[in-house]
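Novice: pasted the sequence and its predicted model underneath.
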2 protein chains.
Amino acid sequence: MKGLGELERSIMDILWAHNAPLTAREVGRLIADRDLAPTTVMTVLDRLTRKGFLNRTRDGRAWRYKPGESRDAYVAELMLEALDMTGDRSAALTRFAQTVSGSEAEILRKALTELEEE
Amino acid sequence: MKGLGELERSIMDILWAHNAPLTAREVGRLIADRDLAPTTVMTVLDRLTRKGFLNRTRDGRAWRYKPGESRDAYVAELMLEALDMTGDRSAALTRFAQTVSGSEAEILRKALTELEEE
DNA sequence: CTCGGCCTCTACACGACGTAGTACTACTCG
DNA sequence: CGAGTAGTACTACGTCGTGTAGAGGCCGAG
C-alpha cells in the first residue's frame, strides 16, 4: 500500500476532515498556508486518485475528490501492514499491547470485548 | 522514524534472526541469493547504522553489527507511528481491533489482561 | 468572440535507496 | 620481507517517489 508524502498527507487530511467531496480549488484554498500553485494541488490530487486513495466525480468541468476510505481504516491498514513485516505476529502484537499507553490499552480492551460479544 | 528499503529490510531480517552480531562478510554470505557485491552490503550496513537501526563494534579490523532493537519493538513502533497519524487515536484503535483476525484479537486480549494484572 | 477558470500533460529538482568501484590499510603466509 | 587478501572509507550513479509548477487546450459566461 505504501505511505504518503508530506503534502499528500496534508491533502488527505483535508479531505478526510470534510464530509463533502471537494474540488481542487477548494482544497487549494484550505491549504492556503503553504502557498502552492493550483496545478500543484491538482497534480497531487491526481496522483492520490491514481494510487487509489481518492475517488473523483465530475461536477461541471471540475472534479470533486473524496477519500476512498476513512482515515481510521487507512491507519488500521498501515498498522496491519507493519504487523505483516514480522515473522512472529504474536510477539509483535504483544509488544504493541505493552507499548500503548494505559488509556489506549483501555480502548483496545473495550473494543475487543465488544467484538467478543457479537 | 521512517520505513526501510527492500534490501535494508532483508539485511535487518538477517541480523534480527541472529543472536550474535555479524560482520559484513557474514551478512553477505547469508544473503547470497542476491549476488551482491561485498561493498553493497557494507554500504547498506553503514547506512542502517547511521540511521540508528544498528550498532557496531570492532572485531579486529572488521565491524560486527547488531540491531539496536528487536524486530518486535520495531514493528510496534511502526504501528504506533501509524497511529500517531490520526487525529482520533481512539477511533483508529477501535478500528484496528475490529480488523485483526480472531486469533490475533485473542493474543491482544491476553497481552492486555496480563498488563492489567501487574 | 473573448476571458477566465479548470483540466491534462510534461518537466525538473531533490532525496532515498540499490548497487558498486576505487583506493588505502593491515594481517598472514611463504 | 613481499604479495595477496580481507576489510574499511569514500565516492558515484541510476532510478523512483514526491514536491512543485509551467504550457497549452477546452468550455461556459458575458
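Specialist: In hand now; what should we look at? The structure displayed is predicted, hence computed values, not measured ones.

Novice: report the mean confidence score over the top helix by length along chain A.
Specialist: Longest helix in chain A, counting residues (DSSP state H): helix A:102-117. What helix A:102-117 shows for mean pLDDT is 90.

Novice: tilt between that helix and helix B:102-117?
Specialist: 140 degrees (axes from the mean of the first three to the mean of the last three Cα atoms, to 10 degrees).

Novice: and helix A:102-117, how far from the chain's centre?
Specialist: In terms of Cα atoms, centre = their mean, to the nearest Å, the centre of helix A:102-117 is found 22 Å from the chain centre.

Novice: for that helix, name the packing helices and strands.
Specialist: If you count contacts as 3 or more Cβ pairs under 8 Å, 6 or more residues apart in numbering or on different chains; DSSP states H and E, helix A:102-117 packs onto helix B:89-99, helix B:102-117. C-beta here means a position set from N, CA and C on the backbone, and glycine is covered the same way.

Novice: give me the contact list for it.
Specialist: Contact partners of helix A:102-117, identified using Cβ atoms under 8 Å, 6 or more residues apart in numbering or on different chains, comprise A:97, A:100, B:89-90, B:93-94, B:96-98, B:105, B:108-109, B:112, B:115-116.

Novice: now do the strands in chain A.
Specialist: A:22-23, A:54-59, A:62-67 (DSSP state E).

Novice: next up, the contacts around A:Arg71.
Specialist: So A:Arg71 contacts A:12-13, A:16, B:85-88, B:92 (Cβ under 8 Å, 6+ apart).

Novice: if you set the cut-off to 7 Å instead, what comes out?
Specialist: Applying Cβ atoms under 7 Å, 6 or more residues apart in numbering or on different chains to A:Arg71 gives the contacts A:16, B:86.

Novice: where's it relative to A:Thr57, distance?
Specialist: 20 Å (Cβ to Cβ, to the nearest Å).

Novice: same question for A:Thr113.
Specialist: Going from A:Thr113 to A:Thr57 by Cβ to Cβ gives 40 Å.

Novice: what of A:Lys66?
Specialist: Taking Cβ to Cβ, one finds A:Lys66 at 8 Å from A:Thr57.

Novice: more neighbours, those two?
Specialist: Set A:Lys66 next to A:Thr57 and count neighbours by other Cβ atoms under 10 Å in any protein chain shown: A:Lys66 wins out with 15 against 9.

Novice: out of everything not next to it in sequence, what's closest to that one?
Specialist: In space, and not counting its chain neighbours, A:Lys66 is closest to A:Pro21: 3.8 Å by Cβ to Cβ, 6 or more residues apart in numbering or on different chains.

Novice: so what pLDDT did the one you found get?
Specialist: Per-residue pLDDT puts A:Pro21 at 94.

Novice: how about it, phi and psi?
Specialist: Phi and psi for A:Pro21, reported as degrees, to the nearest 10, are phi -60, psi 140.

Novice: for it, grab the count of nearby residues.
Specialist: 17.

Novice: contacting residues for it?
Specialist: With Cβ under 7 Å, 6+ apart, A:Pro21 has these contacts: A:57, A:64-66.

Novice: just give me the residue right at the centre of chain A.
Specialist: A:Arg71 (3.7 Å; Cα atoms, centre = their mean).

Novice: from A:Asp13, how far off is that one?
Specialist: 8 Å.

Novice: try A:Ala73
Specialist: Distance from A:Ala73 to A:Asp13, by Cβ to Cβ: 15 Å.

Novice: try A:Ala91
Specialist: 33 Å.
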